[in-house]
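# please find the sequence and the predicted model below.
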Amino acid sequence: MNQTAVTPVLLGMLSLGPRSGYDIKAIVDRSTRFFWAASYGQIYPELRRLEKEGLIEGEDAPTGGRNRRVYRLTKAGREALRDWLFGSTVTIEYRDESLLRLFFADALPREEALFLLEGRKKGHEEYLKVLREIEARPGGKDPEFVDLVLRWGIEFNEWGAQWCEKHLKRLRSAKAA
């Protein structure tokens, strides 16, 4: 199977049940986008490609006057998802523009550089707010491993906000000394 960055997202989302591209994007926006984003421009072409490869099947299901196609995983698609889940490569690649800015912050006057760290702390706090709203939403419990990833996000951002605060204090006290 040829794989793009969104292939596992689509196969995984469809393993949870039939969905349209719009449905998948809506779920991505409140779940995986916090660590693995997917745009409409990636989702729709990939759905067409996966359908041509026989990994998913689509069925037209218009609503109102809108065209809509609902996809479901085929047996081959389930096998491809399983192969990916048990794949031999596990790459933890983290792109973080805020951290990259901190890396180069020595190019700024100290107070401006500290402002970047304050902004990072605020970013962690804002993510925490969103993730806690997801956690507290009415309407049932997430599957066990979806909940596990949500807990990772909450704990990571709690740690991130605490880390920023700790180092803001350290850098400010070093300046005063």
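Ah, there it is. The shown structure was predicted, so the numbers you read here are calculated from the model rather than taken from an experiment. Numbering: from 1, shown residues only.
# quick one: buried residues of whichever helix or strand residue 49 is part of?
Using DSSP states H and E, residue 49 sits within helix 40-52. For helix 40-52, burial by neighbour count (16 or more other Cβ atoms under 10 Å) applies to 42-43, 46-47, 50-51. To be clear about C-beta, it is placed using only N, CA and C from the backbone, and glycine gets the same treatment.
# can you pull the contacts of residue 24?
Contacts for residue 24 (Cβ atoms under 8 Å, 6 or more residues apart in numbering) come out as 9-10, 13-14, 38, 43, 47.
# wait, a strand at residue 58?
Yes. Assigned with DSSP: H, G, I helix; E, B strand; the rest coil, residue 58 falls within a strand.
# so which residues of the protein form strands?
Ranges of strands in the chain, per DSSP state E, are 19-20, 56-60, 69-73.
# tabulate those (CSV), appending distance to residue 162 and mean pLDDT.
CSV is the format used below for those (distance: least, Cβ to Cβ, whole Å; pLDDT from 0 to 100):
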stretch, distance to residue 162, mean pLDDT
strand 19-20, 37, 97
strand 56-60, 42, 96
strand 69-73, 40, 97
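# to residue 139, which of those lies closest?
For residue 139, the closest of these is strand 19-20, at 17.1 Å, according to Cβ to Cβ.
# sorry, back to before: how about the strands of the chain, which one is nearest residue 99?
For the strands of the chain, the distance to residue 99 is smallest for strand 19-20, at 33.5 Å, taking Cβ to Cβ.
# for that closest one, name the packing helices and strands.
strand 69-73 (3 or more Cβ pairs under 8 Å, 6 or more residues apart in numbering; DSSP states H and E).
# so what touches the strand it packs on?
The contact list for strand 69-73, computed with Cβ under 8 Å, 6+ apart, reads 11, 14-15, 17-21, 23, 47, 50-51, 55-61, 81.
# make it 6 Å
Taking contacts as Cβ atoms under 6 Å, 6 or more residues apart in numbering, the residues outside strand 69-73 that touch it are 14-15, 18, 20, 47, 56-61.
# just the contacts of residue 24 now: which is nearest residue 1?
Distance to residue 1, by Cβ to Cβ, is smallest for residue 10 among the contacts of residue 24, at 11.9 Å.
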